[in-house]
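K.L.:
turn this into a model:
(one chain, ligands or ions: 1)
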Amino acid sequence: MRILLTNDDGIFAEGLCALYDNLSLEHKVFVVAPEAERSAVGHAITISEPLRIKKVKRGRKFFGYAVNGTPADCVKIAIHELIGPHIDLVVSGINRGANVGINVLYSGTVSAATEGVILGFPSIAVSLNAYHDPDYCFASYFVNSLLEKWRAIFNELSFCLNVNVPALPAHKIKGIKWVPQSISPLLERFERRIDPHGHLYYWQCGERFTEENPDTDVKALEQGFITLTPLFFDLTYKEILPALKEKSLFFDL
Ligand code: MN
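P.N.:
Just a heads-up that it's a prediction; the model follows:
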């Protein structure tokens, strides 16, 4: 397969390199990724500044293109300018930290993958549920074997597959679960601090999920399952559309 590989942790992030090393054993992998970390930028794109591209080496070999933009910018410019449309799949990750529940909306990793679907390519977003001392070995191996088994599915269906892998040794992972995205709100906290000049500032911290349903990405991941969630970028709330149409008759002009 011809794979476009990107992420939101930056082109030199360990998770992207681990995935590159594994996927390039059997596939042609093109790397186009942000030059620095752009986590939690969601689906932002750059429109008021120029996008600049740098060719990047790893060791002495050409590795990919670093972009001074967002993950979604990377996918757009890769397809339209750098690599061209002859790719089979967009893969984004491996992200340092899970992308489940409402965090899917804030995630640059997931947005790069959904940008792939917007442009007409199936995609996979991969995240590891670890922030400290992450080990990407198993997660990258898992993605590679997933591609082997599901190549036909990705050829047939154009959707974004959101994959989250627990930070556990392989023998402790409980299995693989297809689950929907949790929509329970996060419990968030802002820490108030004073900077050296005496000015108040805030730092967002200590977020926690409130989800209790085991049949969701949040809970299944917490329980030690690899979670698989198909995503699509249509945010329309289809269930209430008919009711709203009926109620808004007075808008007729
Ligand atoms: Mn990230």
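K.L.:
report the buried residues of stretch 202-214.
P.N.:
209, 211 (16 or more other C-beta atoms under 10 Å). C-beta coordinates here come from the backbone N, C-alpha and C atoms, glycine included.
K.L.:
for whichever residue of the stretch 51-200 of the chain sits closest to the ion, give the beta-bridge partners.
P.N.:
Nearest to the ion, among the residues of the stretch 51-200 of the chain, is residue 95, at 4.5 Å (C-beta to the ion). Under DSSP bridges, the beta-bridge partners of residue 95 are residue 127.
K.L.:
now for it: which residues touch it?
P.N.:
Each residue near residue 95 by C-beta atoms under 8 Å, 6 or more residues apart in numbering is listed here: 7-9, 15, 39, 107, 109, 125-128.
K.L.:
could you redo the last one with a cut-off of 7 Å?
P.N.:
7-9, 15, 109, 126-128 (C-beta atoms under 7 Å, 6 or more residues apart in numbering).
K.L.:
specify which member of these is nearest to residue 212.
P.N.:
residue 127 (21.7 Å; C-beta to C-beta).
K.L.:
give me the distance between the closest one and residue 113.
P.N.:
According to C-beta to C-beta, to the nearest Å, residue 127 stands 10 Å off from residue 113.
K.L.:
more neighbours: the two, which one.
P.N.:
residue 113 (34 against 29; other C-beta atoms under 10 Å).
K.L.:
what distance do you get for the more buried one to residue 99?
P.N.:
Distance from residue 113 to residue 99, by C-beta to C-beta: 10 Å.
K.L.:
what touches both of these two?
P.N.:
residue 125.
K.L.:
and the stretch 51-200 of the chain, which of its residues are near the ion?
P.N.:
Contact residues (C-beta under 5 Å from the ion) of the stretch 51-200 of the chain with the ion: residue 95.
K.L.:
for the ion, what's the nearest residue on the chain?
P.N.:
residue 39 (3.3 Å).
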